[in-house]
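Trainee: Let's see this in three dimensions:
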Amino acid sequence: MRKIGVIVGRFQCPQLTAAHAALIEHVATKSDELIVFIGDAQTKLTFTNPLSYNVRAQMLMQYLGQNIASFWKICSIKDTKSDKVWSDSLDKRLEIIQGEDQDAEITLYGGRDSFIKYYSGKYKTMQVDLGFDHISASEIRDQVHKYLKSTPSWREGIIYASANKY
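Mentor: Presented below is the predicted three-dimensional model:
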C-alpha cells in the first residue's frame, strides 16, 4: 500500500526551524511520498505573512532537495475564512493526488499549534511531538524585525519586499 505523508504549514520564518526539519524528516521516514502544502494568505507582506508562497517554496525546495531522498512535492493551499471550506479544499486536492489508487493511505501530520485542530476533512491526522515546544516561528519573526541589519542582501530584501507588496 502506498503511504502518502502530508504536512501543512506556513513556514513564515527566515529559515526552517529545527522543529520544521524534524517534522519533515519524521514524515519522510513514515511515507513513500511526502507532500508539503504551504498556507497562502490573500494579504501579502504583513507581520504574520511576511514571506510570499514562492519564497517559502524555494526555502523548502532547498531543504528537501538536500535532505530528503524520497519523492516529495510542494503545493500551495489558499487560506479561507472558513475552516470547513479550507478542509474541503484540502481534501479535493488530496483526492487528485491520490488519483486512481484508492488504496493509498494518506495521513496528515502536524506539530504543536498546527492546522490539525482546524481540519475537519476525511483524512487521518496525526499530531507529532518531537520535543520542540520551545521553538516558535512567531517569536523568530518578532526578533528579526527588531534589529537593523547592514548587509547588502538585507537591503536587497527590503527592495524586493517593497516591490512585491501588492
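
Trainee: what's the burial count for Met80?
Mentor: Rather than Met, residue 80 is Thr. 13 (other Cβ atoms under 10 Å). (Each C-beta comes from the backbone N, C-alpha and C, glycine too.)

Trainee: Pull the contacting residues for it.
Mentor: Shown in contact with Thr80 (Cβ atoms under 8 Å, 6 or more residues apart in numbering): 86, 89.

Trainee: Quick check: it vs Ala22, distance?
Mentor: According to Cβ to Cβ, to the nearest Å, Thr80 and Ala22 sit 29 Å apart.

Trainee: and the next element down the chain from the worst-scoring helix or strand of the chain on mean pLDDT?
Mentor: Counting by mean pLDDT, DSSP states H and E, the chain has its least confident helix or strand at helix 137-144, which shows a mean of 70. Using DSSP states H and E, the helix or strand that directly follows helix 137-144 along the chain is helix 152-163.

Trainee: if you average pLDDT over that next one, what comes out?
Mentor: Averaged across helix 152-163, the pLDDT comes to 80.

Trainee: close enough to count as contact, Lys3 and Glu33?
Mentor: Yes - between Lys3 and Glu33 there is a contact at 7.4 Å, judged by Cβ atoms under 8 Å.

Trainee: any idea what Ile106 is structurally, helix, strand or coil?
Mentor: Following DSSP: H, G, I helix; E, B strand; the rest coil, Ile106 is assigned to strand.

Trainee: In contact with it, which residues?
Mentor: Ile106 makes contacts with 4, 6, 94, 97-98, 123-124, as judged by Cβ under 8 Å, 6+ apart.

Trainee: Show me which pair in those residues is furthest apart.
Mentor: Ile97 and Lys124 (14.8 Å; Cβ to Cβ).
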